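**Q** I need the structure of the sequence given here:
(chains A and B)
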Amino acid sequence: METFLQYTIFGLVTGGVYGIAASGLVVTYTTSGIFNFAHGAVAMLAAFVYWQVRFDWGWPAPLALLLVLGVLAPLLGALLYGVVMRGLRGTAEVTRIVVPVSVMLGFLALSTWVWDPTPRQPRLFLMFFGADNTVSIAGVNVTYHELLSVVLAVVIALGLRFLFFRTRSGVAMRAVVDDPDLLELNAGRPERLAMLSWALGAFLAALAGVLITPIQGTAMRATDLTLLVIDAFAAAMFGRLRSLPRTFLGALVLGLAGSYVIGYFPADDWTWTGNFRVSLPMIALFVVLLFLPQDRLRGATILRTRERFRLPSVRSAVVAGLALVGVMFLVREILAPTALNYMAFSMTAAVIALSLVLLTGYAGEINLAVLSFGAIGAIVVHHYGISGSGSDARSTLGGYVLAAVVCAVIGALVALPSLRLRGLYLALSTMAFGVFVSNMVLREITERKLPLLHTEFSIFPSGNLTVPRPKIGPLDLAAMPTFLMAVTVLFAVIGVGLVALRHSSYGRRLTALKDSPAASATLGQSPVALKLSVFMLSAAIAGVGGALMTSQLGSANLDRYDIFLSLSLLMLTVVGGIGYVSGALFGGILFGVAFVALQNTFDKLGVDYPDAEGLFDFLARFTTVMPALMGVSMGRNPTGAVEQVVREFGALRRVKPILVAGCAAVAVAYLLTRNDSISNWWFVVIVGVVVAAMPLAAKRLAPAPGLGPAPAPAGPASADGGDEMPLELVGVSRPFSPADRERLDRELGLPVGGR
Amino acid sequence: MALLEAQEITVRFGGKAALNRTSLAVEPGAITGLIGPNGAGKTTLFNVVCGLLAPQGGRVVLDGTDITSAPPHRRARLGLARTFQRLELFTSLTVRDNVRVGGEIRNRWSARRFGGFRRGHADAGDEADRIIELTGLGAIADREVSEIPTGQARVVELARALMTRPSVLLLDEPAAGQTERETEAFGGLLRRLASDGLAVCLVEHDMTLVMDVCRTIHVLDYGRTIAAGPPDRVRNDPAVLEAYLGTPEGVG
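**A** Take a look at the predicted model:
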């Protein structure tokens, strides 16, 4: 009885803290419509800052609390909303998910920058009032800290209730949820209220972070604290991300269940108990999803779609694919062995990113855990797709096919509960799945007897998964250059396949579903069936890509499939342009090469020039934050970087001399590298400079078309429409130009140019 | 016998009843009008009929089958098609592809329904060209839908709906944003569709069009049917006049 009480109290404590965190998530989500993936990251930052001032600098606790909870956290929340999130209203759901994810990754990078993740001494984060101050409740010793957590949870639950139903701001906040435009008409200020709620949300996250860190009792780990967001959203899901009382109830259920699992599962026999407890929120999430009522099918809710992807023809896709293979063939010749490795790794990442182009770019759905599907693909190939042994071991084509099939099936199981719901729910369940895979599946490193088959089996043998290079028929891909070419060809083939798919009836139906689920359904399209098929296809591609990635590495531990890496890959692909196959290439290469190469370069420079070591050290660390900054800035250009680059270079075609000169410079640099006159590094620098300079030079030299600013850029309309655009759309569909003004004057019968 | 019947539909948003035991019957081979002041519940009724909104009470019956709890795509497969007041075009596709995808979606389910024999399975591209010609969209067929004027976008919605070969067509303010000439042509097209046996239900504020083409008109006000009958009778119905013009005391 006493142990039961003990575990109950512990469950209430963690449940209370989950409740505090979850209520913050609900408050921000309901008032701004943006799911704050960085919620856990805010808790993490708060906990670290608190540790810094309280335990490292030795400030008194009240002062430290005032700083963290009273000043920094609300300020951070308000800033987050004002600077980043506010611009997301009316953008596509993908953007509204990727930008907060970028913020989360940015905070994580920031914290590892400031607080070394492997400190010489473990960071001690003590309980409030110390761990020795306890009260005895029915024979169980409860620390003041634990008691405080429960009391605070109750106070906050009641306080929020009061705020939302009894105060003017709170009632207005509820109105924001229902209809921000209407509230604005009635002299409410939705923007200010949303900012207020984000400040409140950040405060609640920070409070939860400060409370839970000493309870967990382990060393402070930035990633663990960041993943508090999953516990919080699992709890919030009980209240459908809306109802606060049910959210608190969900939090208590989760806290108690976790506590009883520790208490009553025989940990000695069931070695997976610990992993199971950590995965409990994810499992609960899936169960809750099954019981959520059907969402209303919505129309095109995006009021101002800013993403616009132009569709290349299959023929130009084939040409681009051939060009890619050709360029890769030439580049391969000059790459140093390490660079070759990075490049091959990047290309496997690019294959995985292709699965995102299909799912997110074409169908508008989101998978936040592609690498977890990659891990499953790798596990399948490891177990069922290897022939030969020792250095002769090769992975077989059959293994990869099987990996694709298994991933498709698992993808269906993951996606099915949430497909009838909004895109956000699918994103959240994939994220939960990713954490589940990392926590449970990839930690299955010991051999177990299978219940029915009675054979020994270990999913992730001894924590290191080996997948040898593939051999397909007579084609042995053991050597890295061959492997690189093979993966590049595979990328090109899948890429062309995707473009062809987008041109097919299936692709059009996907686009229709993405653009307006309601209209698509009233034409007879079953949304669930179509979404399911595309998710399965995408999971299959991710599985094959993941197996190839593991095969490139030779062997991989579970960190390679981490959820945060999945998120980075998604983010970089979106930055590149999620609607394009080239966006996947961009994302894969940034993921595999660019940042690693930059960081290595700065590290090397720091060693070479000790005087400027501080500067280069800063730059090297800055590169870890850079991807997140790119992701956040994406809110402004959701169509992606590739589109912009292509547009810039489109102008080059009119200025032949520059194009020729640029190509010549690259060719010379290539030849010099080829016969080892200059190093890889210089080649990259020269190509980079030339490529960056070409559009700039072209702009200078382009024949000026008379007076005034540049001619109206060839927007989508004037490019393919041919005839004049209706005047009412000028300035909406393409920028307003002087020519348009003249036309307007003409049609209105005003003297042209007279004003 | 009506092909589509909505019986005693009730919808409440919070405490406010948007529809209060409202009924509607749509007959084949004719155009049925559904009119009423703004906020009367016309679009809500359409959403209930096509399955985008679940009613708190009442039944929807299509060709003798109760479809009250069927999802939207199943209703479409039974022959129900609609257009939207707030345009729901597929903005990433051209006009032609918007129309074509309607046929491609239909080909998927019609093939399955007829047991794999591709009966009723026509090349969606050819059929789209035919419908585009019928609806007079030929000149803008290759434009992006985001660039065409609203009036024509509504015709694209109609063309897309026709690609499913519906037996009942619900049109939500199809003439809003159209020029007078466009509306005239549109009315002619509707009559032609009805004379081919289609059951059309028309929500519209353009009274000239409504009075011109409709055989029967239902008038909604505050979620209730206040009148129903042929145009002449409805036009002179005191309750209708009051709803549209207000009571003498209410003026001012």
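**Q** how would you label the closest residue to chain A within the stretch 151-252 of chain B: helix, strand or coil?
**A** Nearest residue of the stretch 151-252 of chain B to chain A, counting by CB to the nearest CB: B:T164, 5.5 Å away. Using the backbone N, CA and C atoms, a C-beta is placed for each residue, glycine as well. Three-state assignment for B:T164 (DSSP: H, G, I helix; E, B strand; the rest coil): coil.
**Q** That one reaches B:E104, doesn't it?
**A** No: with contact defined as CB atoms under 8 Å, B:T164 does not reach B:E104; the gap is 10.5 Å.
**Q** what sits in contact with each of these two?
**A** Among the neighbours of B:T164, none is also in contact with B:E104 (CB atoms under 8 Å, 6 or more residues apart in numbering or on different chains).
**Q** Let me know how buried residue 41 is, in neighbour terms.
**A** I'll assume chain A. 29 (other CB atoms under 10 Å in any protein chain shown).
**Q** Chain B, not that one
**A** Counted with other CB under 10 Å, B:G41 comes out at 24.
**Q** May I have the phi/psi pair for it?
**A** The phi/psi pair for B:G41 (degrees, to the nearest 10) reads phi 110, psi 10.
**Q** Now do the helices in chain B.
**A** For chain B, applying DSSP state H gives helices covering B:42-50, B:72-77, B:95-113, B:124-134, B:150-162, B:180-195, B:207-213, B:231-235, B:238-245.
**Q** my bad, should have said the stretch 251-400 of chain A
**A** A:273-291, A:314-334, A:337-356, A:370-384, A:397-419 (DSSP state H, counting those that start in this stretch).
**Q** Those residues of the stretch 501-650 of chain A touching chain B, which are they?
**A** A:505, A:508-509, A:511-512, A:514-516, A:518-527 (CB under 8 Å from any CB of the partner chain).
**Q** Out of those, list just those in helices.
**A** Short answer: those in helices (DSSP H) are A:505, A:508-509, A:511-512, A:514-515, A:518-522, A:527.
**Q** element containing A:A597, please.
**A** Assigned by DSSP states H and E, A:A597 belongs to helix A:595-608.
**Q** by contact count, what packs against that helix?
**A** Packed against helix A:595-608, as judged by 3 or more CB pairs under 8 Å, 6 or more residues apart in numbering or on different chains; DSSP states H and E, are the following elements: helix A:337-356, helix A:613-633.
**Q** Return the distance of it from the chain's centre.
**A** 26 Å (CA atoms, centre = their mean, to the nearest Å).
**Q** Pull out the CA atoms of it and give them to me as PDB.
**A** Output of helix A:595-608 as PDB, limited to C-alpha atoms (Å, rounded to 0.1, in the frame of the first residue of the first chain):
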ATOM      1  CA  PHE A 595      27.500  22.500 -42.900                       C
ATOM      2  CA  VAL A 596      29.900  19.700 -42.100                       C
ATOM      3  CA  ALA A 597      32.400  21.100 -44.600                       C
ATOM      4  CA  LEU A 598      32.000  24.600 -43.400                       C
ATOM      5  CA  GLN A 599      32.500  23.600 -39.800                       C
ATOM      6  CA  ASN A 600      35.600  21.500 -40.600                       C
ATOM      7  CA  THR A 601      37.000  24.400 -42.600                       C
ATOM      8  CA  PHE A 602      36.600  26.800 -39.800                       C
ATOM      9  CA  ASP A 603      38.000  24.300 -37.300                       C
ATOM     10  CA  LYS A 604      41.000  23.800 -39.600                       C
ATOM     11  CA  LEU A 605      41.500  27.500 -40.000                       C
ATOM     12  CA  GLY A 606      41.300  27.900 -36.300                       C
ATOM     13  CA  VAL A 607      44.200  25.500 -35.900                       C
ATOM     14  CA  ASP A 608      46.200  27.000 -38.800                       C
END
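**Q** tell me the angle that helix makes with helix A:337-356.
**A** Orientation check (axes from the mean of the first three to the mean of the last three CA atoms, to 10 degrees): helix A:595-608 against helix A:337-356 gives 150 degrees.
**Q** Mind listing what's buried along stretch A:477-493?
**A** Using 16 or more other CB atoms under 10 Å in any protein chain shown as the test for burial, stretch A:477-493 gives A:L477, A:M480, A:P481, A:F483, A:L484, A:M485, A:A486, A:V487, A:T488, A:L490, A:F491, A:A492.
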